[in-house]
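Novice: Structure here, sequence nowhere to be found:
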């Protein structure tokens, strides 16, 4: 028996899943939620959209991917509030995901439509 879950939709993760002749034992723990709010506007966008977010400390990387996983944008930002305008008139219509990572930890994520 194998257990599979959509890791992007659930607020928990299963650790230490064992397969044996005895019942399965699992450890369930909470996944830390992003610290900062991230906003994309307008949503849906046609020509350009604005991403607003805050980098808590150090540097962070903004990444934007389409639903196929293709990276559309990557940029580094320093600590502090950020407002980024992105032109999307050349992008194909669809759903995109923007996220901010700092030291490998998720600080913010937002889905938007072009």
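Specialist: Right, received. Where do you want to start? Fair warning: this is a prediction, and the values are worked out from it, not measured in the lab.

Novice: switch to C-alpha atoms for all contacts and neighbour counts from now on
Specialist: Fine.

Novice: Please identify the helix or strand for residue 64.
Specialist: In the assignment (DSSP states H and E), residue 64 maps to strand 48-66.

Novice: Please identify the pairing partners of the following helix or strand past that strand and their relative orientation?
Specialist: Note on strand 48-66: by DSSP H and E, the next helix or strand toward the C-terminus is strand 71-87. Applying DSSP bridges, strand 71-87 is found paired with strand 48-66 (antiparallel).

Novice: I'd like the average pLDDT over the partner strand.
Specialist: Across strand 48-66, the average pLDDT comes to 90.

Novice: Please spell out which residues along it are buried.
Specialist: Buried residues in strand 48-66, counted by 16 or more other CA atoms under 10 Å: 48-51, 53-55, 60-66.

Novice: bridging residues for the nearest residue to residue 98 once chain neighbours are set aside?
Specialist: Leaving aside its sequence neighbours, residue 98 sits nearest to residue 64 (CA to CA, 6 or more residues apart in numbering; 4.3 Å). Taking DSSP bridges as the rule, residue 64 bridges to residue 73, residue 98.

Novice: Wait, residue 64 touches residue 96, no?
Specialist: Yes. If you go by CA atoms under 8 Å, residue 64 and residue 96 touch, sitting 6.8 Å apart.

Novice: Now for this structure, the helix or strand with the poorest mean pLDDT.
Specialist: Of all helical and strand segments in the chain, the minimum by mean pLDDT, DSSP states H and E falls on strand 12-15, at a mean of 47.

Novice: contacting residues around stretch 107-114?
Specialist: Residues outside stretch 107-114 that contact it (CA atoms under 8 Å, 6 or more residues apart in numbering): 34-40, 43-46, 53, 55, 88, 91-101.

Novice: from these, which ones fall inside strands?
Specialist: Using DSSP state E, the subset of the contacts of stretch 107-114 located in strands is 39-40, 53, 55, 95-101.

Novice: Drop anything exposed from those residues.
Specialist: For those, buried by 16+ other CA under 10 Å: 39-40, 53, 55, 96-101.

Novice: Among those residues, give me the pair with the biggest separation.
Specialist: Across those, no pair lies farther apart than 55 and 96, at 20.7 Å, counting by CA to CA.

Novice: Test of understanding: give the bridge partners of the nearest residue to residue 103 once chain neighbours are set aside.
Specialist: Nearest non-adjacent residue to residue 103, counting by CA to CA, 6+ apart: residue 60, 7.2 Å away. Residue 60 has the following beta-bridge partners by DSSP bridges: residue 77.
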